[in-house]
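Visitor: I need the structure of the sequence given here:
(one chain, ligands or ions: 1)
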Amino acid sequence: MEQRLRERMDEVESALLDHTVSEAPFVTEAARHLLTAGGKRIRPLLVLLAGEAGPVRGAELSSDIRRRLLTAACVVELTHLASLYHDDVMDEADVRRGAESANHRWDNHVAILTGDFLFARSSELTAELGPDAVRVQAQTFAELVEGQILETLGPGEGDDPLEHYLRVVAGKTGSLISASAWYGAHFAGAEPEVADALTAYAAKVGVAFQLSDDILDIASDASGKTPGTDLREGVATLPTLFATRSTDPADERLRTLLAGPISDEDEVAEALGLLRAHPALGQ
Ligand code: GRG
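Guide: Numbering: from 1, shown residues only. Alright, predicted model coming up:
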């Protein structure tokens, strides 16, 4: 990473620590639990990268623009963080970012309320950025939640499962990644067409990012999560959709296993083995 970007990411890191302080020491501890556990920070990084698309391209940004980009970078990471706390409650996940999830470390009440606290801090910061940012933040949050609700419901009668999956992914992951690009471009003063193009591009990057996350849930235990979460939840993802679309009699056992949530750990391991060896999914 370029030195200038690295320095600004360090500023983001220290601002995130500041924004997670509460007068109640326990709330600070719970809010910083996942913040300090790791995370790639791709959303704040995208804000800063899109912030290079303004008219002063390549030159030093004004202190006012830098301050707004820093604020926006914190907004997106705090929103993301809030969603991770809630997601782990919904998934009953034990591990996040290679650490104990908050629901496992404490309980669901603490995890839900810490997510709310982080989202409140994110909203407070968004207000500093003005009404356009508040509107984008509200729309993004609605899309994120809609994506998550659609995933929980599964495809409706007559819905194409693949189209449903792509709608879920665009909402729960694409929306915040796309908003990150908009914040960066917008606050750097980029032309509206440039900001729109970057926003649309980032929405697609977000979908691709989630596809790869879903593949890692099958293919690897190196993603800081326990593999097979989606199988236990009965959530269809691209790899399981490919496998269940196949009419090959050799896939009958896999289709049976993937018909619903799998609670038996031996069956989770069996389904993971069959998916990893599936010719349509590669090695
Ligand atoms: C309270 C904001 C809020 C939301 C509630 C639970 C919920 C609605 C939405 C869940 C959205 C969600 C967790 C989508 C998955 C997105 C995803 C790909 C997470 C992993 O992102 P990475 O790889 O994680 O960027 P790190 O740990 O690197 O930050």
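Visitor: my guess is A190 contacts P55, does it?
Guide: Yes. With contact defined as C-beta atoms under 8 Å, A190 reaches P55; the gap is 7.4 Å. C-beta: built from backbone N, CA, C; applies to glycine.
Visitor: So for these two, which residue has more residues nearby?
Guide: The residue with more neighbours, out of A190 and P55, is A190; 23 against 10, by other C-beta atoms under 10 Å.
Visitor: how close does the more buried one sit to R97?
Guide: From A190 across to R97, the span is 32 Å (C-beta to C-beta, to the nearest Å).
Visitor: so who does G54 touch?
Guide: Shown in contact with G54 (C-beta atoms under 8 Å, 6 or more residues apart in numbering): L61, I65, A185, A188, G189, A190.
Visitor: Over to N103?
Guide: N103 makes contact with Y85, D88, V89, E92, A93, V110, A111, according to C-beta under 8 Å, 6+ apart.
Visitor: And D230, its phi and psi?
Guide: Dihedral pair for D230: phi -60, psi -30, per degrees, to the nearest 10.
Visitor: Tally up the residues packed near it, please.
Guide: 21.
Visitor: I'd say it and T237 touch.
Guide: Yes. Counting by C-beta under 8 Å, D230 does reach T237; the two are 5.1 Å apart.
Visitor: Between the two, which contacts overlap?
Guide: Contacts common to D230 and T237, judged by C-beta under 8 Å, 6+ apart, are D214, D217, I218.
Visitor: hey, where'd the helices end up in the chain?
Guide: Taking DSSP state H, the helices of the chain run over residues 3-19, 25-35, 42-50, 63-91, 102-105, 108-128, 131-153, 161-169, 175-187, 192-219, 229-233, 238-245, 252-257, 265-276.
Visitor: Rebuild these as a markdown table, extending it with mean pLDDT and distance to the ligand.
Guide: Converted to a markdown table, the helices of the chain look like this (pLDDT from 0 to 100; distance: least, C-beta to the nearest ligand atom, whole Å):
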| stretch | mean pLDDT | distance to the ligand |
| --- | --- | --- |
| helix 3-19 | 95 | 12 |
| helix 25-35 | 98 | 8 |
| helix 42-50 | 97 | 5 |
| helix 63-91 | 97 | 4 |
| helix 102-105 | 98 | 12 |
| helix 108-128 | 98 | 5 |
| helix 131-153 | 97 | 4 |
| helix 161-169 | 95 | 9 |
| helix 175-187 | 97 | 8 |
| helix 192-219 | 93 | 5 |
| helix 229-233 | 88 | 11 |
| helix 238-245 | 84 | 13 |
| helix 252-257 | 90 | 24 |
| helix 265-276 | 92 | 19 |
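Visitor: buried ones in stretch 122-140?
Guide: Residues of stretch 122-140 classed as buried: S122, S123, L125, T126, L129, A133, V136, Q137, T140 (neighbour count, 16 or more other C-beta atoms under 10 Å).
Visitor: need the shared contacts of D230 and T237 in TSV with distance to T79 and neighbour count, can you?
Guide: Below are these laid out as TSV (distance: C-beta to C-beta, whole Å; neighbours: other C-beta atoms under 10 Å):
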residue	distance to T79	neighbour count
D214	21	22
D217	22	23
I218	27	21
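Visitor: Save those as CSV, and put in distance to E265 too.
Guide: Listed next are the shared contacts of D230 and T237 as CSV, based on distance: C-beta to C-beta, whole Å:
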residue, distance to E265
D214, 20
D217, 15
I218, 16
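Visitor: Closest to P261 out of those residues?
Guide: Nearest to P261 among the shared contacts of D230 and T237: D217, at 14.2 Å, using C-beta to C-beta.
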